[in-house]
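*Asks:* give me a model of this one.
(one chain, ligands or ions: 1)
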Amino acid sequence: MADKVLRPAINALLKAAAAAFLVCPPFFSPVLVTPLYAGAALDSLNEIITPVEPPAVPAVAPPSAYPAASVSAARALNVYFISVGQGDCEYIELPNGKNVLIDGGPSDSADSPLAEFLARHNVTKIDYVVLSHPHSDHYKGLRYVFNNFTVGNFYDTRMDNAGSATDNALRDQIRDLGVNVTYPAPGDTLDWDSNVQAKVFNSCPASTQSSSGRDINNCSIVIKVAYQHSSVLFTGDMENEVESALVSTYGSELQADVLKVGHHGSKYSTSEAFLAAVKPHDAYISVGAGNNYGFPTFACLSRLQAAGATVYRTDTDGTQKYSSGGASPSLTGQALAFMR
Ligand SMILES: [Zn+2]
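*Replies:* Below you'll find the predicted structure:
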């Protein structure tokens, strides 16, 4: 009697265990998974003893086997905040293999930090060069770039620094080289990469000139670069009156995960209202150690801290690299965070 009762039960359990082993994907440990199915077998024996087809395991091809059309979507967008001393210089590797340089820092020397960076990264050409505004801590290093590299396109603000002749000497050189020059207007989108959105929020597209530092700063080309679920806002040396105008015009469209802090951390940039619109998770200050301006200012750092942004500085942290993406969203299906 006991045998009649026990044998079918034992057989059923053995079948359940075998079925459970079958449905275990090969990359799961049977030690971990089998008890779950065995437990399920006790609850629902009839379902388990029915022959179970192993579930189809999604075919996950290695990155090298992706079709060509998906390659650029699987690549990362890399942003480097180059430690160039007291100045600004950012280098972007686009997912499609092209590259962008925003400003060139304060040195045109062949042994400058920018020159060393470009050599170390085996850069031979630059597809897109942006001059945010004509102050020498932003454009002087571009002389080295145009003297030594092939540049595809140059984006310029139409502000002439009346206090300097060297900004126009650089512009003359660029024109003589035959480089394609564009003066983007606020609202324009830049066709850099079909998977990347690059939108201009500020610039001076109409010809003007000034010797006022503030006027020149406020003609800075401001660009938000967005890729997959992350974005970076490049602000040049924009000051707070333009920040306020952008908040009025664009509002939450300014939101960005990463903020290149305006004007090296000046107290006249990075206002509370601007930070409330941008909501940066990370903030990067391009600034030289021991600079004469007291940058970054306590006021700016305090506002960034109050906004909850994590601050990185090129004077104390050196050149920073940030990456967005790097895998096909259809495979990962999750937000892609910046990495350090
Ligand atoms: Zn500057």
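*Asks:* tell me the residues of the stretch 51-200 of the chain that contact the ion?
*Replies:* Residues of the stretch 51-200 of the chain lying near the ion by Cβ under 5 Å from the ion: D137. Glycine gets a C-beta too; all of them are placed from N, C-alpha and C.
*Asks:* wait, what's in contact with Q86?
*Replies:* Residues near Q86 by Cβ atoms under 8 Å, 6 or more residues apart in numbering: P106, D137, H264, V287, G288, N291, N292, Y293, F295.
*Asks:* no no, R171
*Replies:* By Cβ under 8 Å, 6+ apart, the neighbours of R171 are D156.
*Asks:* can you tell me the element it falls in?
*Replies:* Using DSSP states H and E, R171 falls within helix 166-177.
*Asks:* buried residues, that helix. List them.
*Replies:* For helix 166-177, the neighbour count (16 or more other Cβ atoms under 10 Å) marks D167, L170, R171, I174 as buried.
*Asks:* repeat that for stretch 312-323.
*Replies:* Buried-residue list, stretch 312-323, by 16+ other Cβ under 10 Å: Y312, R313, T314, D315, Q320, Y322, S323.
*Asks:* the closest residue to the ion within the stretch 51-200 of the chain sits in which helix or strand?
*Replies:* Distances between the stretch 51-200 of the chain and the ion by Cβ to the ion are smallest at D137, namely 4.4 Å. D137 belongs to helix 136-148 when assigned by DSSP H and E.
*Asks:* list the buried residues in the helix or strand just after that helix.
*Replies:* Beyond helix 136-148 in the direction of the C-terminus, DSSP H and E gives the next helix or strand as strand 150-155. Buried residues in strand 150-155, counting neighbours by 16+ other Cβ under 10 Å, are found at V151, N153, F154, Y155.
*Asks:* what about stretch 232-240, how long is it end to end?
*Replies:* Distance across stretch 232-240, first residue to last, is 19 Å (Cα to Cα, to the nearest Å).
*Asks:* could you give the average pLDDT over that stretch?
*Replies:* Throughout stretch 232-240, pLDDT has a mean value of 98.
*Asks:* stretch 91-111 now?
*Replies:* For stretch 91-111, mean pLDDT rounds to 98.
*Asks:* over to stretch 212-221?
*Replies:* The model assigns stretch 212-221 a mean pLDDT of 98.
*Asks:* which other residues reach it?
*Replies:* The set of residues external to stretch 212-221 that reach it, using Cβ under 8 Å, 6+ apart, is 130-135, 155-159, 161, 184, 200, 202-204, 208, 210, 234-239, 241-242, 262-263, 268.
*Asks:* now the residues you listed: which count as buried?
*Replies:* 130-135, 155-159, 161, 184, 200, 202-204, 210, 234-239, 242, 262-263, 268.
*Asks:* so L131 touches L142, yeah?
*Replies:* Yes. The pair L131 / L142 is scored as a contact, 6.3 Å apart, by Cβ atoms under 8 Å.
*Asks:* common neighbours of the two, please.
*Replies:* With Cβ under 8 Å, 6+ apart as the test, L131 and L142 both reach D103, G104.
*Asks:* for the residue nearest to L118 when sequence neighbours are not counted, grab the count of nearby residues.
*Replies:* Distances taken as Cβ to Cβ, 6 or more residues apart in numbering place F149 nearest to L118, at 7.3 Å, with adjacent residues excluded. F149: 14 surrounding residues under other Cβ atoms under 10 Å.
*Asks:* hmm, F149 is touching N122, no?
*Replies:* No. F149 is not in contact with N122 according to Cβ under 8 Å; the separation is 11.9 Å.
*Asks:* mind listing what whichever residue of the stretch 151-300 of the chain sits closest to the ion touches?
*Replies:* When distances are taken as Cβ to the ion, the stretch 151-300 of the chain reaches nearest to the ion at D237, 4.4 Å away. By Cβ under 8 Å, 6+ apart, the contact set of D237 is 88, 132-133, 135, 138, 216-217, 220, 262-264, 266, 269.
*Asks:* again, only this time at 10 Å
*Replies:* By Cβ atoms under 10 Å, 6 or more residues apart in numbering, the contact set of D237 is 88, 103, 132-133, 135, 137-138, 213-214, 216-220, 262-264, 266, 268-269.
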